[in-house]
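**Student:** Show me how the following folds:
(one chain, ligands or ions: 1)
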Amino acid sequence: MIYLNGKLMPIEEACIPVLDRGFIFGDGVYEVIPVYSRRPFRLTSHLLRLQHSLDGIHLKNPHCDKEWHDLIAQVIAGNDGDDQYLYLHITRGAAKRDHAFPHNVTPTVLIMSTPLLPPARELLVKGASAITASDNRWIRCDIKAISLLPNVLLRQMAVDVGAVETILLRDGFLTEGAASNIFLVKDSVLLAPPKSHLMLPGITYDVVLELAAANNVLHEVREISEDELRTAEEIMLTSSTKEIMAITRLDNKIVGDGEPGPLFTRLYQCYQHYKA
Ligand code: PDD
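**Tutor:** Model (predicted):
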């Protein structure tokens, strides 16, 4: 069951007008929220980030927190599987095509659930491959906008060569992945790029930094150069759907000793324990 504009319904029955500004302009924002054992993970943080995205596109939040909590509970209950991920999508609604904002239009609100499957065992044991590319997106990457064409093209570059992610560099510095945040390990210290308008403030990114602090993992948040990325002892990506994943090949070269490293293994275990 999905939720669309006030009603729960099977996805086959859901319809959106052709003039919806999400369809016409990509004029909307979204969230992806993991659900473990039927409980949404870090919901408060996701709703705060949603508010930040809505503010960024000057769209009034169509629901208060209590309403979001209720709607989300209904969608979780309406779907099988204890582990799911929710996709929340809000657009400026349907109106005659004109770039400027329409007046008195009701936003479109969609919530849908997908089973959340653990990553393939092989990826956990061996790690994944990534490539690098120049970050050619706009400079409000802190807004979780539904207009994702650059991210789509960048992710496809990875898939085309059998890799899982494209790691992005802007002006010689690491920003993030096409749909993930990136950490690396240098001199046994976990490094993360600082939040800015050039990357999405990941909820999993926050969790990993909190887990590092709570478990005495040396860590630093600072700008990371391309050279540091290419000579890292470990690289890992984080996202709500992939959790934490080791990157063991970058642009076809081995990272560290080519296996998921000790900091990845530790943080992965901490994350599994924390989410339970
Ligand atoms: N994407 N950066 C980008 C560009 C992302 O799209 C995502 C997540 C992240 C990680 O954020 P979080 O830890 O809050 O999931 C970073 C989601 C999963 C998606 O678009 O499907």
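
**Student:** hey, where'd the helices end up in the stretch 101-250 of the chain?
**Tutor:** 121-126, 149-160, 203-214, 226-230 (DSSP state H, counting those that start in this stretch).

**Student:** How about the residues of the stretch 1-150 of the chain by the ligand?
**Tutor:** Residues of the stretch 1-150 of the chain found near the ligand (Cβ under 6 Å from any ligand atom) are Val32. In this view, the C-beta of every residue, glycine as well, is placed from N, C-alpha and C.

**Student:** Of all the residues in the stretch 1-150 of the chain, which one is nearest the ligand?
**Tutor:** Of all residues in the stretch 1-150 of the chain, the one sitting closest to the ligand is Val32 (4.1 Å; Cβ to the nearest ligand atom).

**Student:** Can you name the helix or strand that that residue falls in?
**Tutor:** strand 28-36 (DSSP states H and E).

**Student:** Now render the helices of the stretch 101-250 of the chain as TSV, adding mean neighbour count and mean pLDDT.
**Tutor:** TSV is the format used below for the helices of the stretch 101-250 of the chain (neighbours: other Cβ atoms under 10 Å; pLDDT from 0 to 100):
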stretch	mean neighbour count	mean pLDDT
helix 121-126	13	94
helix 149-160	15	98
helix 203-214	19	98
helix 226-230	16	98
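
**Student:** Dump those helices to a markdown table, plus distance to Asn5.
**Tutor:** Formatted as a markdown table, these follow (distance: least, Cβ to Cβ, whole Å):
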| stretch | distance to Asn5 |
| --- | --- |
| helix 121-126 | 37 |
| helix 149-160 | 25 |
| helix 203-214 | 26 |
| helix 226-230 | 43 |
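
**Student:** Indicate which one of those is closest to Met236.
**Tutor:** helix 203-214 (8.2 Å; Cβ to Cβ).

**Student:** name the helices or strands packed onto the closest one?
**Tutor:** If contacts are counted by 3 or more Cβ pairs under 8 Å, 6 or more residues apart in numbering; DSSP states H and E, helix 203-214 sits against helix 43-56, strand 181-186, strand 189-192, strand 219-221, strand 234-239, strand 243-250, helix 262-275.

**Student:** Just want the angle from it to strand 181-186.
**Tutor:** Computed with axes from the mean of the first three to the mean of the last three Cα atoms, to 10 degrees, the direction of helix 203-214 lies at 30 degrees from that of strand 181-186.

**Student:** any idea how far helix 203-214 is from the chain center?
**Tutor:** Its chain's C-alpha centre and that of helix 203-214 lie 15 Å apart, by Cα atoms, centre = their mean, to the nearest Å.

**Student:** returning to that earlier point: what's the burial count for the closest residue to the residue of the stretch 1-150 of the chain closest to the ligand other than its chain neighbours?
**Tutor:** Using Cβ to Cβ, 6 or more residues apart in numbering and skipping the chain neighbours, the partner closest in space to Val32 is Ser240 (4.9 Å). Counted with other Cβ atoms under 10 Å, the neighbours of Ser240 add up to 22.

**Student:** Return the set of buried residues in stretch 110-129.
**Tutor:** By 16 or more other Cβ atoms under 10 Å, the buried positions in stretch 110-129 come out as Leu110, Ile111, Met112, Ser113, Leu116, Leu123, Leu124, Gly127, Ala128, Ser129.
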